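In: Next comes the sequence, and after it the predicted model I'd like to discuss.
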Amino acid sequence: MITKQQTLLSSLAISSLPREKVIVILGPTASGKTALAVKIAKEIGAEIISADSRQVYRQMDIGTGKDLSEYGDVPYHLINICDPGEKYHLGQFIEDFQQIYQSLLLQKKRIILCGGTGLYIQSVIQGSKYVKTPSQPGFKEALYQFEKDELIDRLAKYNKPNDLFIDLSTKKRIIRGIEILEWLKNNPEMIPNNESLDSFVIGLNPDVSTRRKKISKRLDQRIEAGLILEVQALLESGVSHTELQYYGLEYKYISKYLLGELNYEEFYKKLETEIHRYAKRQMTYFRKMEKDGIVINWLD
């Protein structure tokens, strides 16, 4: 039986796209991105570059949904490249992506970029010329004394370029935005050029009810598969609770559970709620990408 998704994929004529055009597959958590990427990769002989900010870490498998068996014989990149406890950021991702992208182009390989970290995806599709703006440690550290609302007020006083997106969801990201704007104010002649990516973007967007059911079912499956044991093993290997909580979601709430800050029922409910909220934030970011001019071909 031919599914609606198969019909829509056929209408997109992916196999006829130019070899150098990167196929991007994005969507919220539990939407089936990897399965679709692998399916297309097998059909057109492509390699997959992951755009997931947490799957870069070794030993963090169940909590990040890193089912490597799903790839089969399809080559993949930017998975299991860092040790737990390390900090992997946007600048590193762009650098790593460009290196792999150029290498695959030289090999005349088809490329699929697949993931749910919208900031990573947008930064390579449209270019992120500000990402390598130098850090200013003293200036940055002084900003941490301010509350989030105060930082947003401070941010508003700068003359922000139209093509610079600043994520206001956390103090850390607001401070990085202020740091970039301060540097641009003092170095107006050094604004770098932008380089966009030739891409074709496919989005997966199951209806909210279906998405919520998938998220809840998958959380149960992950716990049964040993998610809590995975976090305990990370702690035993020397990763601290603070570092685990930095990675958010599963790692944050299991850490709190193991510390005794939450009982099991509280841990489960809070984590389930946060994953649903995370999926909603992902969709909000993808809609923002569309407003920024990125065409996304949605498959329901």
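Out: It's in. Numbers count the residues shown, from 1 in each chain.
In: on contacts alone, who are the packing partners of the lengthiest helix in the chain?
Out: For the chain, the helix that runs over the most residues, judged by DSSP state H, is helix 264-291. On a contact count with 3 or more CB pairs under 8 Å, 6 or more residues apart in numbering; DSSP states H and E, helix 264-291 meets helix 118-125, helix 208-224, helix 249-258, strand 296-299. C-betas here are computed from N, CA, C, even on glycine.
In: In it, which residues are buried?
Out: Along helix 264-291, these residues count as buried under the neighbour rule (16 or more other CB atoms under 10 Å): F267, Y268, L271, E272, I275, H276, A279, Q282, M283, Y285, F286, M289.
In: Stretch 35-45 now?
Out: Buried-residue list, stretch 35-45, by 16+ other CB under 10 Å: L36, A37, V38, K39, I40, A41.
In: State the pair within those that is farthest apart.
Out: L36 and A41 (9.4 Å; CB to CB).
In: Find the residues that touch each one of the two.
Out: The contact sets of L36 and A41 do not overlap (CB atoms under 8 Å, 6 or more residues apart in numbering).
In: Mind jotting down where the strands sit in the chain?
Out: Applying DSSP state E to the chain gives strands spanning 22-26, 46-50, 76-77, 110-115, 199-204, 296-299.
In: Reformat those as JSON lines; add mean pLDDT, distance to R211 and mean neighbour count.
Out: Formatted as JSON lines, these follow (pLDDT from 0 to 100; distance: least, CB to CB, whole Å; neighbours: other CB atoms under 10 Å):
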{"stretch": "strand 22-26", "mean pLDDT": "98", "distance to R211": "14", "mean neighbour count": "26"}
{"stretch": "strand 46-50", "mean pLDDT": "99", "distance to R211": "21", "mean neighbour count": "23"}
{"stretch": "strand 76-77", "mean pLDDT": "98", "distance to R211": "24", "mean neighbour count": "19"}
{"stretch": "strand 110-115", "mean pLDDT": "98", "distance to R211": "17", "mean neighbour count": "24"}
{"stretch": "strand 199-204", "mean pLDDT": "97", "distance to R211": "10", "mean neighbour count": "20"}
{"stretch": "strand 296-299", "mean pLDDT": "95", "distance to R211": "13", "mean neighbour count": "17"}
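In: Save the ones you listed as JSON lines, and put in distance to S135 too.
Out: Output for those, formatted as JSON lines (distance: least, CB to CB, whole Å):
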{"stretch": "strand 22-26", "distance to S135": "28"}
{"stretch": "strand 46-50", "distance to S135": "26"}
{"stretch": "strand 76-77", "distance to S135": "26"}
{"stretch": "strand 110-115", "distance to S135": "25"}
{"stretch": "strand 199-204", "distance to S135": "29"}
{"stretch": "strand 296-299", "distance to S135": "32"}
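In: just so I know, which of the ones you listed lies nearest G32?
Out: Going by CB to CB, the one of these nearest G32 is strand 199-204, 5.9 Å.
In: what's around the closest residue to I275 other than its chain neighbours, how many residues?
Out: Excluding the flanking residues, the one nearest I275 by CB to CB, 6 or more residues apart in numbering is I215, at 5.3 Å. For I215, the count of nearby residues is 18 (other CB atoms under 10 Å).
In: Surely I215 and P206 touch.
Out: No: contact status for I215 versus P206: not in contact, 10.2 Å apart, counting by CB atoms under 8 Å.
In: So what are the structural domains in the chain, by residue number?
Out: What automatic domain parsing lists as the domains of the chain is 1-128+195-300, 137-190.
In: neighbours around L234, how many?
Out: Number of residues near L234 (other CB under 10 Å) recorded here: 24.
In: from the buried residues of stretch 35-45, which is closest to S255?
Out: Closest to S255, out of all of the buried residues of stretch 35-45 and judged by CB to CB, is A37, at 30.4 Å.
In: Now do that closest one against K214, distance only.
Out: 17 Å (CB to CB, to the nearest Å).
In: What of V231?
Out: Distance from V231 to K214, by CB to CB: 22 Å.
In: Show me which of these two is the more surrounded one.
Out: A direct count of neighbours by other CB under 10 Å for V231 and K214 places V231 higher, at 24 against 17.
In: so where's the stretch 1-150 of the chain uncertain?
Out: Within the stretch 1-150 of the chain, the stretches with pLDDT under 70 are 1-12, 129, 132.
In: can you give me the helices in it?
Out: Assigned by DSSP state H, counting those that start in this stretch, the helices in the stretch 1-150 of the chain fall at 4-12, 33-44, 90-106, 118-125, 137-143, 148-155.
In: Would you mind saying which of these lies nearest G72?
Out: So among the helices of the stretch 1-150 of the chain, helix 33-44 is nearest, using CB to CB, at 6.7 Å.
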